[in-house]
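In: turn this into a structure:
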Amino acid sequence: MDERRKNPRFAVNVEALVTHRAERFRGLLKDICRDAVLVEVQADVAMGSELAVALELPGTGGPLLVTGKVVRLAPTEHGLDVAVLFADLTPAAETRIEFFIALQSTEA
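Out: Numbering: from 1, shown residues only. Down below sits the predicted model:
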């Protein structure tokens, strides 16, 4: 299989709160990289949809809100895996994600 990602992914297992239009629902953050997240949800979302994902990365202090566009969907046993490509990350969010990835890299 051809790897198309620009950045390596790091497994995560934390709850997330996803907002799609006016609807909010819980999700499970499954992995993260410098430019995207993969979150499993039990809701219908469409390719190209804009989502906001509130999450808390272990060791980075407090909640983090990222927004982006749905670039991949895949059915799972418990719902739907949704890949969200970040749009306009704030410098603070980018720093916290980089810090989390650095932590994961040193623990590997």
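
In: how far off centre is the helix or strand of the chain with the lowest mean pLDDT?
Out: Using mean pLDDT, DSSP states H and E, the weakest-scoring helix or strand in the chain turns out to be helix 91-107, at a mean of 87. Here helix 91-107 is found 13 Å from its chain centre; the criterion is C-alpha atoms, centre = their mean, to the nearest Å.

In: what residues of that helix count as buried?
Out: For helix 91-107, the neighbour count (16 or more other C-beta atoms under 10 Å) marks 93, 96-97, 100-101, 104 as buried. To be clear about C-beta, it is placed using only N, CA and C from the backbone, and glycine gets the same treatment.

In: turn those residues into CSV, including distance to L55.
Out: CSV is the format used below for the buried residues of helix 91-107 (distance: C-beta to C-beta, whole Å):
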residue, distance to L55
A93, 10
R96, 10
I97, 10
F100, 10
I101, 14
Q104, 15
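
In: nearest to L57 among those residues?
Out: Among those, F100 lies closest to L57 (C-beta to C-beta), at 4.3 Å.

In: so who does the residue nearest to the closest one when sequence neighbours are not counted touch?
Out: Among residues not flanking F100 along the chain, L57 sits closest, at 4.3 Å (C-beta to C-beta, 6 or more residues apart in numbering). If you count contacts by C-beta atoms under 8 Å, 6 or more residues apart in numbering, L57 has them with 12, 14, 32, 64, 96-97, 100.

In: which one of the buried residues of helix 91-107 sits closest to K6?
Out: Each of these was checked against K6 using C-beta to C-beta; the closest is I101, at 13.2 Å.

In: quick check: that closest one vs A16, distance?
Out: Distance check for I101 against A16: by C-beta to C-beta, to the nearest Å, it reads 17 Å.

In: now for the least confident helix or strand of the chain, which elements pack on it?
Out: strand 10-20, strand 23-33, strand 64-75 (3 or more C-beta pairs under 8 Å, 6 or more residues apart in numbering; DSSP states H and E).
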